[in-house]
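> Provided below are the primary sequence and the corresponding predicted coordinates.
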Amino acid sequence: MTVPIIVTLDVMLARRKMTARDLAQEIGISETNLSLLKSGKVKGIRFATLEKLCIALDCRPTDLIDFEPPSP
């Protein structure tokens, strides 16, 4: 079963010409945790972390997370 939530953090990083390492340092999380988030291998994200990501990347939560409903 695939999860219909798609993390598009890598797209925003590319648009901002920012490395994952720089972003991780700026928001205060490990590169490993950021990598897990980018790959969609996490089961959740704290709103505080989402807020830090949005501030650092000058974006909205919908720029980082997308929803693709399952096919009928």
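Happy to help now that I have it. Numbering: from 1, shown residues only.

> contacts and neighbour counts: CA atoms only from here.
OK.

> how near is the residue positioned nearest the centre of the chain to Met18?
Among the residues of the chain, the one closest to the centroid is Leu9, at 3.8 Å (Cα atoms, centre = their mean). Here the distance between Leu9 and Met18 works out to 11 Å (Cα to Cα, to the nearest Å).

> what does Asp58 give?
To Met18, Asp58 is 12 Å away according to Cα to Cα.

> and what of Met12?
Relative to Met18, and taking Cα to Cα, Met12 is found at 9 Å.

> with Thr62 instead?
Taking Cα to Cα, one finds Thr62 at 19 Å from Met18.

> who's more crowded, the two?
Using other Cα atoms under 10 Å, the more surrounded residue of Thr62 and Met18 is Met18, with 14 against 11.

> going by secondary structure, the more buried one is in what exactly?
Met18 is part of no helix or strand when elements are defined by DSSP states H and E.

> same thing with the one 3 residues further on?
Element membership for Arg21, per DSSP H and E: helix 20-27.

> so where do the strands sit in this protein?
Counting by DSSP state E, the chain has strands at residues 5-7, 65-67.

> which stretch among these comes nearest Leu37?
Checking those against Leu37 by Cα to Cα gives strand 5-7 as the closest, at 7.4 Å.

> what helices or strands is the closest one leaning on?
With contacts defined as 3 or more Cα pairs under 8 Å, 6 or more residues apart in numbering; DSSP states H and E, the packing partners of strand 5-7 are helix 31-39, strand 65-67.

> which of the ones you listed sits most buried?
helix 31-39 (a mean of 15; mean count of other Cα atoms under 10 Å).

> that one vs helix 20-27, what angle?
Interaxial angle of helix 31-39 relative to helix 20-27 (axes from the mean of the first three to the mean of the last three Cα atoms, to 10 degrees): 110 degrees.

> without its sequence neighbours, what residue ends up closest to the residue nearest to the centre of the chain?
Nearest residue to Leu9, sequence neighbours excluded (Cα to Cα, 6 or more residues apart in numbering): Leu64, at 5.0 Å.
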